[in-house]
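**Q** Kindly generate the corresponding structure for this input.
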Amino acid sequence: QGHKPVGVLDAPGEADLTAHVDFEALALAAAEPGCAYTRLTPQGVFLERLGITQRAQALAAAHGGSSQAEVAAAHRRLTHPAEMGNLFKVLGLFPQGAAPPPGLNT
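**A** The predicted model follows:
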């Protein structure tokens, strides 16, 4: 929070959570009967599927001047493969037979 580490429960909803995850071990643990998981998806792809570009465009249109540049820079930072777009990954876990979570496919 504020570019400084905080305890996981210190500021729920106000701080980002980042962890080094062993996705293979997580997927294998979830592969019990009744569970399904998605392929590992890069953060940029996941956010694009959820509509981040349209949201960024709406924010930029609602704010003029330097705010537009800030929105564009934030969008790039989150989605571009050379930045956080490929650095972070998403894995969806869901009940067998159910649809995968939004933004993810199997």
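
**Q** residue furthest from the geometric center of this structure?
**A** Relative to the centre of the chain, the most outlying C-alpha is that of Gly65, 27.5 Å out, by CA atoms, centre = their mean.

**Q** From Leu9, how far out is that residue?
**A** 38 Å (CB to CB, to the nearest Å). The way it works is simple: take the backbone N, C-alpha and C, and place the C-beta from them, glycine included.

**Q** ok, now Asp22?
**A** Relative to Leu9, and taking CB to CB, Asp22 is found at 23 Å.

**Q** Tell me which of those two has more neighbours.
**A** For Asp22 versus Leu9, neighbours defined as other CB atoms under 10 Å are more numerous around Asp22 (10 against 7).

**Q** got the contact list for that one?
**A** With contacts defined as CB atoms under 8 Å, 6 or more residues apart in numbering, Asp22 has no neighbours.

**Q** what does the one 5 residues further on give?
**A** Applying CB under 8 Å, 6+ apart to Ala27 gives the contacts Tyr37, Leu91.

**Q** Find me the pLDDT at it, would you?
**A** Confidence at Ala27, expressed as pLDDT, is 82.

**Q** One more: Gly64?
**A** pLDDT, Gly64: 76.

**Q** can you count the residues close to it?
**A** 8.

**Q** That one and Val71, how far apart?
**A** For Gly64, the distance to Val71 - CB to CB - is 11 Å.

**Q** Stretch 30-37: how far from the chain's middle?
**A** 22 Å (CA atoms, centre = their mean, to the nearest Å).

**Q** Give me the average confidence score over that stretch.
**A** 82.

**Q** what's in contact with that stretch?
**A** Contacts of stretch 30-37 (CB under 8 Å, 6+ apart): Ala27, Leu91, Gly92, Leu93, Phe94, Pro95, Gln96, Gly97, Ala98, Pro100, Thr106.

**Q** for the fourth one, what are its contacts?
**A** Read that as Leu93. Leu26, Ala30, Cys35, Ala36, Tyr37 are the contacts of Leu93 under CB under 8 Å, 6+ apart.

**Q** Cool, thanks, talk later.
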